[in-house]
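Participant: Fold the stuff below for me.
(one chain, ligands or ions: 1)
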Amino acid sequence: MSFYVTTPIYYVNAAPHLGHAYTTIGADILARHMRQRGEDVFFLTGTDEHGEPVVQAAEREGITPRELGDANAPRFRELMDRAGVSNDFFIRTTDPEHEARVQEILQRVNDNGHVYPGTYEGWYCPRCADFKTDTELGPDNTCPIHGIPLDWQQEENYFFRLSTFQEPLEQLYAERPDFVLPQARFNEALAFIRGGLADVSLSRAKITWGVPVPWDPSQVFYVWFDALLNYVTALTYARPGEDLIARYWPPSFQLIGKDILKFHAVYWPALLMAAGYDVPRHLFVHGFLLMQGEKMSKSLGNVLDPLAVIERFGADALRYYCFRDVSFGQDGSVSTADFETRYETELANELGNLASRTLAMVERYRGGVVPDAGVDPEPAADFDGLVGLVRDRLDRADLTAALDEIWQRVRRLNRYVEERAPWQLARSDDRADELDLTLRSLAEGLRVVTVLLYPYIPGTAERLLQALGQPGLELEGARFGARGGGARVAGIPPLFPKP
Ligand code: MSP
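Facilitator: All right, here's what the predicted structure looks like:
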C-alpha cells in the first residue's frame, strides 16, 4: 500500500519557529511508522514563497521576494534536517516545474467552466492572505488571528465557482465522517460549508509576485490556489523523469494547523473536484503551540527557537516533548521549564535509566549475552495487543495517544525491575533461571518499546536497538517475545545526558 503524507508549506516571510517544526515532525512520525509497517511512503514538505505575506516581509527588509525566499527556504530545510525529518522531497513554490503545473491545472479548471471574471469587494488580511467572510471578522474589522486591521479590497479578478461545490462537499462530508480529524474540526468545516459558500477570488490583479494566469498574464493566481496545488505538482517532478501521481495520489494524511482549515477542508476538495482529482483520504487538524498563553508566532515574539533546543538537548528530546506535552489536535502550552522537567523525569530517568540498567545487568550477570530463556508471562501480558493499539491510534494520526500507550509500558518495565530486583536474584545460584527469565524479559520489553518509539525518537531508538544487538525496526517485530534471546549487547553512553 502507498502512504502519502504532507505538511502545509511554510511562508518564507521569517525564520522558522517551533510551530513550523511541530507539523513537520508530526508528519515525520507518521511517515516513519508507516515505513515500519512496510508501506510505500512519500512524505512532502516545503515552502510557500508567493503572495502578500512574502512581498510585505521582503519590502520591510528592503530586498526582493525572491531574495527573501532564497535566504529563508534553506533555513526551513536546515531545521527539518536537524529535527531528524525524513521527507522525500522539499518543494518550493518558486520551482519552475511547480509554476508550470499550476498554470496547466488551473487552465484546465478554467476550461472546465469553473472560472469567471468579476469584482471582489470585501475584507482581506494580508498576513493570512485571506479574503474574510462576514462570519470571520474580529472586533472592528480586525483579523481574528493576527489582530491587525483588515484591508478593504476592491479589485477585478477571476473567481472560482466555489458556490457550485456546496452540494458535492456536503455529500463528501456525509460519506466520509473521517475526512477531517479530529471530529470537532470536521464539524467546524461542515458548519462553514452549510453556512453557504460564496465564490472566491482565484487571481489577484494588484500583486505581481506569483504565478501568471495563462489566459490573462496581467494577473497572478491567488497565492492559496498556487500553494494548495503543491501537493499535486510535487509528485510530477520530485523524481526526474517519473510521474508519481498514479503511485501516491490521493494523499493519505494531510496535516494542517487549525488556522488553515477553511482552505484545506473547503477550497481544496472543491478545487480537486474541479480539476478532476480524487480528494485526500484524511486531513488532520492540529492546534496551536502556545507560549505565555498566546499562539507562538514570530510577530508576537514568543517563539521557542527549535534549533537552540536541539543544540542543547538533541532532536529526539524536542520531538518527544512536542507530542507528549500537548495532545495532538488540541492547543497546548509549552515552556522551557516543562520541557526540562519532561527531559529529566521521563527521557533521562524513565527510559534512559531503564536502558542503561538493563544493558549493565546483562553485561554484569550474563557476560553481555541476553539469556536464551522464555519470557515472563506477567509483563508479557501487559504488552498484549500493544502493537494493534499503537497502529489504531496512528491510523487516526493520534500521535499523543499512541505515545501514551507506549510510555505506559516503559513505566511497566521500570516497575518490573523493582519487583524482580535482579541484583538480589544474582546473589543465589539456585535462582539463576529466574534471573535468566527476568533479564531476557527486560531486554525484550525494552526492545519492543524502542521499536515502537522509533518514529518519535529515531536517533535514540536506532542507537539503543544496536546496543541491544537487535537492530530490526519492522513493526511486526514489536510483539513481546517476537525475537529470541541470545543477542550480544553493548554498553552505551547515557541516552539523555545532562545538557
Ligand atoms: N503558507 C501557508 C500554508 C499553505 S499550505 C498549502 C501558511 N504558512 S504558515 O507558515 O503561516 O503556517 C504553516 C503552518 O504552521 C500552519 O499549519 C500553522 O498552523 C502552523 N503553525 C504556525 N504557528 C504555529 C503554532 N504556534 N503552533 C502550531 N502550529 C502553528 O499558513
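Participant: What residues does the stretch 151-300 of the chain have near the ligand?
Facilitator: Contacts of the stretch 151-300 of the chain with the ligand, taken as Cβ under 6 Å from any ligand atom, map to Ala227, Leu228, Asn230, Ile256, Gly257, Asp259, Ile260, Phe288, Leu289, Lys295, Met296, Ser297. In short, each C-beta sits where N, CA and C put it, glycine included.
Participant: From Phe43, how far off is the fifth one?
Facilitator: When Cβ to Cβ, to the nearest Å is the yardstick, Gly257 and Phe43 sit 18 Å from each other.
Participant: what's the answer for the second one, then?
Facilitator: Leu228 sits 18 Å away from Phe43 when distances are taken as Cβ to Cβ.
Participant: ok, Leu318 - contacts?
Facilitator: The neighbourhood of Leu318, defined by Cβ atoms under 8 Å, 6 or more residues apart in numbering, consists of Leu18, Ala21, Ile25, Ala83, Pro306, Val309, Ile310.
Participant: now whichever residue of the stretch 101-250 of the chain sits closest to the ligand: how far from Asp216?
Facilitator: Residue of the stretch 101-250 of the chain nearest the ligand, by Cβ to the nearest ligand atom: Ala227 (3.8 Å). Here the criterion is Cβ to Cβ. By it, Ala227 lies 20 Å from Asp216.
Participant: More neighbours: which of the two?
Facilitator: More crowded of Ala227 and Asp216, by other Cβ atoms under 10 Å: Ala227, with 26 against 14.
Participant: Just give the closest residue to the closest residue to the ligand within the chain, not the sequence neighbours.
Facilitator: Residue of the chain nearest the ligand, by Cβ to the nearest ligand atom: Gly257 (1.7 Å). Nearest non-adjacent residue to Gly257, counting by Cβ to Cβ, 6 or more residues apart in numbering: His286, 5.9 Å away.
Participant: so that neighbour sits right up against Gly26, yeah?
Facilitator: Yes: counting by Cβ atoms under 8 Å, Gly26 is a contact partner of His286 at 6.7 Å.
Participant: mind checking which helix or strand of the chain has the lowest mean pLDDT?
Facilitator: strand 294-295 (a mean of 82; mean pLDDT, DSSP states H and E).
Participant: Direction included, what does it pair against?
Facilitator: Using DSSP bridges, the strands paired with strand 294-295 are strand 289-291 (antiparallel).
Participant: What mean pLDDT does the partner strand get?
Facilitator: For strand 289-291, the mean per-residue pLDDT is 91.
Participant: who touches it?
Facilitator: Looking at what lies outside strand 289-291 - Cβ under 8 Å, 6+ apart - the contacts are 18-19, 22, 295-296, 302-304, 322, 326, 331-335.
Participant: let's see it at 10 Å
Facilitator: Around strand 289-291, the neighbours that count as contacts under Cβ atoms under 10 Å, 6 or more residues apart in numbering are 17-19, 21-22, 257, 295-297, 300-304, 322, 325-326, 331-336.
Participant: OK, contacts around Asn110?
Facilitator: Contacts for Asn110 (Cβ under 10 Å, 6+ apart) come out as Tyr116, Tyr158, Phe160, Leu202, Val213, Pro214, Trp215, Asp216, Ala274.
Participant: Pretty sure the second one sits against Gln107.
Facilitator: No: with contact defined as Cβ atoms under 10 Å, Tyr158 does not reach Gln107; the gap is 11.6 Å.
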